[in-house]
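Q: Structure, please.
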Amino acid sequence: MSNEKSMKGITVFSRKEYDNHQKFLSTKKEWPGINVRTDSRTTLNIPMLIMELYRLVPYKEGRYIDFHPFNMPNIKVHKIELVGTVTRVKRNVNNLFLTIEDGTGVAQINYKLEQYTYSLKKRQEIDKKYRNQAENVRTSEAKASRSSKEGPKKFPETRPKFSYPRDASLHDIAVLENEWWSETNGGLLGKEIQPFDYVYVTGYPCLDTNFQKIPEQITAEFIENARLIVFAMSVTCISEEMYNKKLSMWVNTTICQRYTGNKGCAYTTKNK
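A: I've put the predicted structure just below:
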């Protein structure tokens, strides 16, 4: 390294040192912790930070665009998991469009509206079932059904915008609310997704080509006029606690492993 310093105290490299460093960067594997034979093809199903999405290299395979880590063309990144906070929600007749961020970057999520509305409908059915039970909470049949059930150790919070008949016993309320919270995963199952919600997404990275014809070799010009999105297979609301837990677990295990090679960190692979 050159001993010369700039006026601002920044280290100055010689031309040779700079060229050697650039050569090193151009040949360095993105995920050295994933050991795969160069003569084999492997598909990864992995959790990712959003910033990692934008470091993937797109390539054409058949009719479609797939992705591999930098300098690791024998590895295809297939199904991915993301967590994030919703910052924007839009929809059209076919799709739900979400913008999410996880502190490392921002991602666009496309989710089939049919799948989303199915989960909303399922939640409505659960709510209707427990609403009917609450309205009939004092009938002899309902009382007999719950009398044998032990109430929760901690009195559950009453679901939002809901009330029971005045003559409902605390035991009956506790049993029904505990069952409702359990069946709806703390009120998150089938919840309408709104800004500031935490979500867990599984899906596939893809390029919105903006009606461009996909070239045999993906060029910089093509990428500049395309948009990286995640085509979601599932989107579920999660609690802030679960969001922090998943993010921390991924960073300290799977993600750490693929950059450092530390053992004991699991990831799913499917050899071709």
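
Q: which residues touch Asn51?
A: I think there's a mix-up here, since residue 51 is Met and not Asn. 104-105 (Cβ atoms under 8 Å, 6 or more residues apart in numbering). From N, CA and C alone the C-beta is placed, and that goes for glycine too.

Q: where do the strands sit along this structure?
A: 42-47, 57-61, 64-68, 75-91, 95-101, 106-112, 198-208, 227-238, 268-271 (DSSP state E).

Q: can you tell which of those is closest to Lys129?
A: Nearest to Lys129, of all those, is strand 227-238, at 20.1 Å by Cβ to Cβ.

Q: Switch the strands of the chain over to CSV; also include mean neighbour count.
A: Shown next, in CSV, are the strands of the chain (neighbours: other Cβ atoms under 10 Å):
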stretch, mean neighbour count
strand 42-47, 18
strand 57-61, 14
strand 64-68, 18
strand 75-91, 18
strand 95-101, 19
strand 106-112, 19
strand 198-208, 19
strand 227-238, 18
strand 268-271, 12
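
Q: Show me the one of the ones you listed that comes nearest Lys28.
A: strand 57-61 (13.4 Å).

Q: on that earlier part again, may I see the strands of the chain organised as a markdown table, with mean pLDDT and distance to Asn262 added?
A: Compiled in a markdown table, the strands of the chain are given as follows (pLDDT from 0 to 100; distance: least, Cβ to Cβ, whole Å):
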| stretch | mean pLDDT | distance to Asn262 |
| --- | --- | --- |
| strand 42-47 | 94 | 15 |
| strand 57-61 | 92 | 24 |
| strand 64-68 | 93 | 22 |
| strand 75-91 | 97 | 19 |
| strand 95-101 | 98 | 27 |
| strand 106-112 | 98 | 26 |
| strand 198-208 | 97 | 25 |
| strand 227-238 | 97 | 27 |
| strand 268-271 | 47 | 17 |
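
Q: Save those strands as CSV, and put in distance to Phe162 too.
A: Conversion of those to CSV gives the following (distance: least, Cβ to Cβ, whole Å):
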stretch, distance to Phe162
strand 42-47, 35
strand 57-61, 48
strand 64-68, 45
strand 75-91, 24
strand 95-101, 26
strand 106-112, 28
strand 198-208, 23
strand 227-238, 18
strand 268-271, 40
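
Q: nearest to Asn136, of those strands?
A: Of the strands of the chain, nearest to Asn136 by Cβ to Cβ is strand 227-238, at 29.6 Å.
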